[in-house]
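Chemist: Give me a 3D structure for the following:
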Amino acid sequence: MRVSALSMSNMGYVLRIQGLEAGWTADTEHRVVFTKPYLAQSIAYVVGITLTAVLLIGSTILFLIRLTEGGAGA
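Modeler: Predicted coordinates:
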């Protein structure tokens, strides 16, 4: 196996290709896809969705407690 790397550091891309052998018919189905790093964005989405869900569930529970028990204002 051979590992080839192409780095375009000014754009944030790294291309690594390994395991491609000449004459292997399965290699004709391979594709190279260029993407930007998205791990931080995915983590931010998960944290945001989780905090939003906690706030929604918490406020719903507090509303129901106040509604059923009369709360402090009744």
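Chemist: Just say helix, strand or coil for residue 35.
Modeler: Secondary structure, DSSP: H, G, I helix; E, B strand; the rest coil: residue 35 is coil.
Chemist: And it, how close does it get to residue 48?
Modeler: Going from residue 35 to residue 48 by C-beta to C-beta, to the nearest Å gives 21 Å. C-beta coordinates here come from the backbone N, C-alpha and C atoms, glycine included.
Chemist: Please say which of the two ends up with more neighbours.
Modeler: Neighbours were counted for residue 35 and for residue 48 using other C-beta atoms under 10 Å; residue 48 has more, 10 against 6.
Chemist: Distance of that one relative to residue 65?
Modeler: To residue 65, residue 48 is 26 Å away according to C-beta to C-beta.
Chemist: For residue 41, what is the enclosing helix or strand?
Modeler: Of the helices and strands defined by DSSP states H and E, residue 41 is found in helix 39-69.
Chemist: what's the average pLDDT for that helix?
Modeler: What helix 39-69 shows for mean pLDDT is 94.
Chemist: list the buried ones in that helix?
Modeler: Under the neighbour-count criterion of 16 or more other C-beta atoms under 10 Å, helix 39-69 has nothing buried.
Chemist: Return the residues in contact with residue 56.
Modeler: If you count contacts by C-beta atoms under 8 Å, 6 or more residues apart in numbering, residue 56 has none.
Chemist: Could you report the separation of it from residue 45?
Modeler: Taking C-beta to C-beta, one finds residue 56 at 16 Å from residue 45.
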